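S.K.: Provided below for reference: sequence and predicted model.
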Number of protein chains: 2
Amino acid sequence: MPLIVQKYGGTSVGSLDRIRNVAARVKRTRDQGNQVVAVVSAMSGVTDGLIKMAKDLAGSPSEREMDVLMATGEQQSIALVSMALQEMGVDAASITGRQAGIITSGSHTRGRIEKIDPAMMKQMLDEGKSLVVAGFQGITPEGMIHTLGRGGSDLTAIAVAAALKADVCQILTDVDGVYTCDPRVVKNARKLPEISYDEMLEMASSGSKVMQSRSVEFAKKFGVVFEVRSSLNDHPGTLVLEEHPHMENVVIRGISIERSQARLTITGIPDAPGMSGLILGALADAEINLDMIISNIANDGFARHSFTMHSSDLGKAQAALKRVLTDLAPNSKIETEAGIAKLSVVGIGMRSHSGVAATMFKALGNADINIGMISTSEIKIAVTVDEMRIEDAARSVHDAFELHKAPA
Amino acid sequence: MPLIVQKYGGTSVGSLDRIRNVAARVKRTRDQGNQVVAVVSAMSGVTDGLIKMAKDLAGSPSEREMDVLMATGEQQSIALVSMALQEMGVDAASITGRQAGIITSGSHTRGRIEKIDPAMMKQMLDEGKSLVVAGFQGITPEGMIHTLGRGGSDLTAIAVAAALKADVCQILTDVDGVYTCDPRVVKNARKLPEISYDEMLEMASSGSKVMQSRSVEFAKKFGVVFEVRSSLNDHPGTLVLEEHPHMENVVIRGISIERSQARLTITGIPDAPGMSGLILGALADAEINLDMIISNIANDGFARHSFTMHSSDLGKAQAALKRVLTDLAPNSKIETEAGIAKLSVVGIGMRSHSGVAATMFKALGNADINIGMISTSEIKIAVTVDEMRIEDAARSVHDAFELHKAPA
């Protein structure tokens, strides 16, 4: 019998009625002749309530205890979803992260899945049960409760699918799948029937909110084919899988946009060995996530570095740089620009097709949109533009590559 | 360093302010030079909310899933109390039932503690931590989550105290200790400095609400001395311990009363072997908890059985008996009386003092109170009286034994 892993997020189980809907979908999947393992998140309201209590008791609550507290959210969900299933006549059983054999490493609230011992799940599946597994949680080898951080339930679903050698892993969410661009921005954006892991990773890291990178990386590493689809309807979603030759016929798979970006440029830095390392080190110590990094030597012989980051990090970055530059480069200057956005075109076809950048820049030029910084990878070209123009930019590039048309 | 186990019930951790109070008391105990292990229940409101959700989803939710759900209540409490302690500068860590090594047997929602492997607790105590242990929960040998039913957190505290060989086990509750009688009924009731396990068991099984019998039995079995005291003040409470010779000098330790009792009498039963077994079996199958059982042969040569039970069980008992008596004893009659109450006097001194019954019955007679049924054990005499007169009965017996006076 085929084994399907389904992941339901916090919104999907956010009320008792929604829990009944989840149970009904699990039952339907089972009635169609499948074994089902549902991975569920905490009810969205529950999580918020727990965080509020913790913040009330302690300014910065210990991360170990936050893990113990937050893990109760998923434990409640699995019990409630199991009860709803049983009420519908389905032989169901809840499984905590520990019972699922999910062993983690890393620091509290940001665990990584190291391995899964699926013995208990396998035994219960053999007994004919449908399983409801707690997402987002595991235990350390020492037996401490551990949560997996943002997107943790997706990670659980993919890891469980890998451990159980599931036939399908469905990530059920509030979008219908992965689109050529955000359909709220580009009206004729098209749902992709499939996308490669690498393209999905580039989309995720350049602003697409569908999934966290590390879940996709985990799926790629263990060869788990998964489908992103809606929990609200039965439309087919988007399959995410290893690339196959036919995929390269498409030059650009999709476009992602990321708003609220900022640029920080430092000029007047002596062109000496080790300077870049000290500057980047200072930003890393301040826990600034840099996105684009561009360095060159200006006409005056001094080095010039430009970085992009989320605009909320700009103040922290400036402060960290001032501390280090006062000694290192007293004549340097910091210049910042907020209110920019990033547009990325992504596609493995770029490897074998030329002219992508030319098409993209021409489209932006025709739309009278200035390009700021540019960065590229083997399968991505990203540019910054004025945040006010990001939607126009997305539409003009989407049109230029004719992404609304299904490829032949 | 002395090790103190403290148990805090659901009311004591019923709000964030109360959680802070619990943390402050734990810190005070620690600052006095003790190692502390706090066993806590779920926040009272949380438990109610969870039950409500379960009942909404399923008419009779599976007990396995109820255990998974309810156990989250204590898990939240331990995290929150630990956070509050840490905020006060105490090095604290939460411990789930599983981490405390509490292995259980029995059916779901009514687990029994079989053994405790305190390795993790010991290691953390050695590291100088104060521990906050989840009451009411453990795991089965197969790794399933198990709750312990009513009074389960008391049981956890006593079992943990036994496993860690604690110097003191304090059951912190909303009463100041064990009294010679309920102080709401007998104004000059006196708090007992100490009481033996056997007396405490008789008090518990005859209506005293302070603790469940099985926690006292567990303490007796493992020789855990515990103290019942208030979580609201620092007054000394009542020590519960193995009897020592000096204790026998007190004839009566205390009086307990139990309201809402009912009597059921069956007359006209043929005096044949096995009849009593069939009748009691029918009541047991109907899950009726009988209290007093009195059987004799009436003048007519037929047997007559009288039972007391909680009045809410009376209807169920009558129905069960009718089914069995229609065949067995078609001429039998069932007679019932609700609105009665039970008064018990308890004391190990009874073993070596005579005249207890005489003093008791004389006091009741002087107060013009009729005695219904009578039952006795080695250390208890119980009588039923009209429920309307139970408070008068308690006061007159309390006076007759001069229980308001501390023994010499």
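M.R.: Noted; the coordinates are in hand. Just so it is clear, the structure is predicted and the values come from calculations on it, not from any experiment. Numbers count the residues shown, from 1 in each chain, chains lettered A, B, ... in the order given.

S.K.: now the residue in the stretch 101-250 of chain A that chain B sits nearest to: closest residue in space that isn't a chain neighbour?
M.R.: Closest to chain B within the stretch 101-250 of chain A is A:G143: 6.1 Å, counting by C-beta to the nearest C-beta. Where C-beta positions appear, they are placed from N, C-alpha and C, glycine not excepted. Nearest non-adjacent residue to A:G143, counting by C-beta to C-beta, 6 or more residues apart in numbering or on different chains: B:Q99, 6.1 Å away.

S.K.: now swap in A:A42 and tell me
M.R.: The shortest distance from A:A42 to any non-neighbouring residue, by C-beta to C-beta, 6+ apart, is to A:G73 (2.7 Å).

S.K.: contact residues of chain A facing chain B?
M.R.: Residues of chain A lying close to chain B by C-beta under 8 Å from any C-beta of the partner chain are A:16, A:19-20, A:50, A:53-54, A:56-59, A:61-62, A:64-66, A:68-69, A:71-72, A:75-76, A:78-80, A:82-84, A:86-87, A:93-94, A:96, A:98-99, A:120, A:143-145.

S.K.: quick one: buried ones out of those?
M.R.: When those are checked for burial by 16 or more other C-beta atoms under 10 Å in any protein chain shown, the buried set is A:16, A:19-20, A:50, A:53-54, A:57-58, A:61-62, A:64-66, A:68-69, A:71-72, A:75-76, A:78-80, A:82-84, A:86-87, A:93-94, A:96, A:98-99, A:120, A:144-145.

S.K.: sitting in strands, which of these do you find?
M.R.: Among these, the members falling in strands (DSSP state E) are A:93-94, A:145.

S.K.: I'd like those as CSV, with pLDDT and distance to B:V185 appended.
M.R.: Listed next are these as CSV, based on pLDDT from 0 to 100; distance: C-beta to C-beta, whole Å:
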residue, pLDDT, distance to B:V185
A:A93, 98, 48
A:S94, 98, 46
A:I145, 97, 46
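
S.K.: contacting residues for the residue nearest to A:V251 when sequence neighbours are not counted?
M.R.: Nearest residue to A:V251, sequence neighbours excluded (C-beta to C-beta, 6+ apart): A:G349, at 4.0 Å. Applying C-beta atoms under 8 Å, 6 or more residues apart in numbering or on different chains to A:G349 gives the contacts A:247-253.

S.K.: repeat that for A:P407.
M.R.: With contacts defined as C-beta under 8 Å, 6+ apart, A:P407 is in contact with A:249-250.

S.K.: could you check how far the residue of chain A most remote from its centre is from A:Q32?
M.R.: Farthest-out residue of chain A from its mean C-alpha position, per C-alpha atoms, centre = their mean: A:D300, at 41.6 Å. According to C-beta to C-beta, to the nearest Å, A:D300 stands 70 Å off from A:Q32.

S.K.: and for A:M275?
M.R.: To A:Q32, A:M275 is 62 Å away according to C-beta to C-beta.

S.K.: between those two, which one's more packed in?
M.R.: For A:M275 versus A:Q32, neighbours defined as other C-beta atoms under 10 Å in any protein chain shown are more numerous around A:M275 (19 against 10).

S.K.: what number of residues lie near the residue nearest to the more buried one when sequence neighbours are not counted?
M.R.: Leaving aside its sequence neighbours, A:M275 sits nearest to A:I269 (C-beta to C-beta, 6+ apart; 5.7 Å). Neighbouring residues of A:I269 were enumerated by other C-beta under 10 Å; the total is 23.

S.K.: and A:S15, by the same measure?
M.R.: Counted with other C-beta under 10 Å, A:S15 comes out at 14.

S.K.: excluding its backbone neighbours, what's nearest it?
M.R.: Excluding its sequence neighbours, the residue lying closest to A:S15 (C-beta to C-beta, 6+ apart) is A:M43, at 7.3 Å.

S.K.: near that neighbour, how many other residues are there?
M.R.: As a burial measure, A:M43 scores 24 neighbours (other C-beta under 10 Å).

S.K.: any idea which element the closest residue to A:E63 other than its chain neighbours lies in?
M.R.: The shortest distance from A:E63 to any non-neighbouring residue, by C-beta to C-beta, 6+ apart, is to A:H108 (3.7 Å). Per DSSP states H and E: A:H108 is located in neither a helix nor a strand.

S.K.: I figured A:H108 was touching A:L69, is that so?
M.R.: No. The criterion here is C-beta atoms under 8 Å, and A:H108 misses it with A:L69 at 11.1 Å.

S.K.: who touches the lowest-mean-pLDDT helix or strand in chain A?
M.R.: Across the helices and strands of chain A, mean confidence by mean pLDDT, DSSP states H and E is lowest for strand A:293-297: a mean of 86. Contact partners of strand A:293-297, identified using C-beta under 8 Å, 6+ apart, comprise A:271, A:276, A:280, A:303-307, A:373, A:375.

S.K.: next step: the residues you listed restricted to helices.
M.R.: Counting by DSSP state H, these place A:276, A:280 in helices.

S.K.: how long is stretch A:2-13 from one end to the other?
M.R.: 25 Å (C-alpha to C-alpha, to the nearest Å).

S.K.: can you count the residues close to A:N366?
M.R.: Neighbour count for A:N366, taken as other C-beta under 10 Å: 11.

S.K.: equivalent analysis for the one 4 residues further on, please.
M.R.: A:N370 has 12 neighbours, counted by other C-beta under 10 Å.

S.K.: how about it, secondary structure?
M.R.: State at A:N370, reduced to three classes by DSSP: H, G, I helix; E, B strand; the rest coil: coil.

S.K.: show me what contacts the residue lying closest to A:L239 once chain neighbours are set aside?
M.R.: Spatial nearest neighbour of A:L239, chain neighbours left out: A:E194 (4.4 Å); criterion: C-beta to C-beta, 6+ apart. Contact analysis of A:E194 by C-beta under 8 Å, 6+ apart lists A:238-241, A:247.

S.K.: can you pull the pLDDT of A:E194?
M.R.: A:E194 carries a pLDDT score of 95 in this model.

S.K.: quick one, helices of the stretch 51-200 of chain A?
M.R.: Shown for the stretch 51-200 of chain A, the helices assigned by DSSP state H, counting those that start in this stretch span residues A:63-87, A:119-126, A:152-164, A:197-205.

S.K.: repeat for the stretch 251-400 of chain A
M.R.: A:275-285, A:314-328, A:356-366, A:390-400.

S.K.: wait, A:M1 sits on A:Q32?
M.R.: No. Applying C-beta under 8 Å, one finds A:M1 not in contact with A:Q32, separated by 10.4 Å.
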